[in-house]
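Student: everything below, folded, please.
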Amino acid sequence: MRIIFMGQQAFGKAALEKILEAGQDEVVAVYVAPDKEGRPFDPVKQCALDNNIPVFQPAKFKDDAVLDEMRSHNGDLMVMAFVIVFVPEAARDIPKMGSICFHPSLLPLHRGPSSINWPIMWGSTKTGYSWFYPTDGLDEGEILLQREVEIGPDDTLGDIYFKKIFPAAVDSTLDVIDAFRTGNPPRSQQDESKATYETWCKKADVELDWSAAAGDTYNKIRAGNPQPGAWTTFQGNEVQIYDSRRLEGEGTPGEVVNVSDDGVIVQAAGGRIIVKRVRPKGGDKVPASEWAAAAGVATGSTLGS
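Tutor: Residues are numbered from 1 along each chain as shown. Now for the predicted structure:
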């Protein structure tokens, strides 16, 4: 088949490479976001250039000239892998078989841009990814393929994306294309009664409240690791918290229970968190013990004030 590929960043590049390595279909055009001044090319663009595939970077897809250009590729299918720009129906319907789009959640759950952060933050034990037929609604449209991944009790955002969703979803790109090759790809309706939408997970969403339940605090740390980075304060100075583990123990929320080479143990409600890696504001990620020594954090200190 003649494939029009649209995508960005590492996932888009890996999906494009998967198609090229399989060698069964011809990628006739690659669409990627416009270049940013002073920044390197997007990995998808660089991959396309390295493989002598024409690259197109329109700022929007409503102009007749852009649509005519897309028609000229005579594409059979458009594969949309990590696309954050709006692509209207007029563009999506140009390929003979239409378009298919990737989203890292079990749609209709977690529509929106931070779809992996939120299930971790809310203590879910599973998430997954979907390939769906995009419509003008955000992450709406019938499902072609959907697969689950487990969220382990200590999994972080980085674990779920890079170790679980990313590799499996990249491999599934070929399954998606093969489904169209049969001429009758599956379709199933999203259950709108179960639909949720969440916007970006921002700094304000991952501020730690040590008086909250220890499990909720730990989930927030995991959901923000590595982005946007859960945070607290010590003597008015912000510090982001990354690697950590949950422990048992009672005490006064926010109090530092122990400082050692293993990390800084902080009391929450009904449990404790051992903080192992942090980033002081304006600094680099360092072991929590190193930060504690520099900042004067000791047993009996209070975080979050």
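Student: what about Y161, distance to Y218?
Tutor: 19 Å (Cβ to Cβ, to the nearest Å). (Glycine included, C-beta is placed from N, CA and C.)
Student: ignore what I typed, I meant V257.
Tutor: 15 Å.
Student: one more: Y242?
Tutor: With Cβ to Cβ as the criterion, Y242 and Y218 are 12 Å apart.
Student: OK, contacts around the closest residue to G249 other than its chain neighbours?
Tutor: Spatial nearest neighbour of G249, excluding adjacent residues (Cβ to Cβ, 6 or more residues apart in numbering): R272 at 4.4 Å. R272 is in contact with 214, 246-249, 251, 257, 265-266, counting by Cβ atoms under 8 Å, 6 or more residues apart in numbering.
Student: R272 belongs to a strand?
Tutor: Yes. Counting by DSSP: H, G, I helix; E, B strand; the rest coil, R272 is part of a strand.
Student: read off the pLDDT value for it.
Tutor: R272 carries a pLDDT score of 98 in this model.
Student: same deal with K13?
Tutor: 97.
Student: what about the helices in the stretch 1-150 of the chain?
Tutor: Secondary structure of the stretch 1-150 of the chain (DSSP state H, counting those that start in this stretch): helices at 9-22, 43-50, 64-71, 89-92, 117-121.
Student: now for the last one, which elements pack on it?
Tutor: If I follow you right, that is helix 117-121. strand 126-132, helix 214-223 (3 or more Cβ pairs under 8 Å, 6 or more residues apart in numbering; DSSP states H and E).
Student: so which of these gets nearest D261?
Tutor: Among the helices and strands packed on helix 117-121, the nearest to D261 by Cβ to Cβ is helix 214-223 (20.1 Å).
Student: in that closest one, what's buried?
Tutor: Neighbour-count burial for helix 214-223 flags 214, 216-223 (criterion: 16 or more other Cβ atoms under 10 Å).
Student: those: which two are farthest apart?
Tutor: Between any two of these (Cβ to Cβ), the greatest distance is 14.8 Å, for A214 and A223.
Student: and the average pLDDT for stretch 30-48 is what?
Tutor: 94.
Student: first-to-last residue distance for that stretch?
Tutor: Start and end residues of stretch 30-48 are separated by 7 Å (Cα to Cα, to the nearest Å).
Student: D50 - how many residues pack around it?
Tutor: Per other Cβ atoms under 10 Å, the neighbour tally for D50 reads 10.
Student: now it: how far from G183?
Tutor: The value you get for D50 to G183, if Cβ to Cβ is used, is 32 Å.
Student: quick one: the strands in the stretch 151-300 of the chain, in order.
Tutor: Remark: strands assigned in the stretch 151-300 of the chain by DSSP state E, counting those that start in this stretch are 230-234, 237-241, 244-247, 256-260, 263-268, 271-275, 277-280, 286-287.
Student: could the ones you listed go into TSV alongside distance to S105?
Tutor: Below are those laid out as TSV (distance: least, Cβ to Cβ, whole Å):
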stretch	distance to S105
strand 230-234	21
strand 237-241	25
strand 244-247	24
strand 256-260	36
strand 263-268	28
strand 271-275	27
strand 277-280	27
strand 286-287	33
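Student: looking at those, which is closest to G123?
Tutor: Of all the strands of the stretch 151-300 of the chain, it is strand 244-247 that lies closest to G123, at 11.9 Å by Cβ to Cβ.
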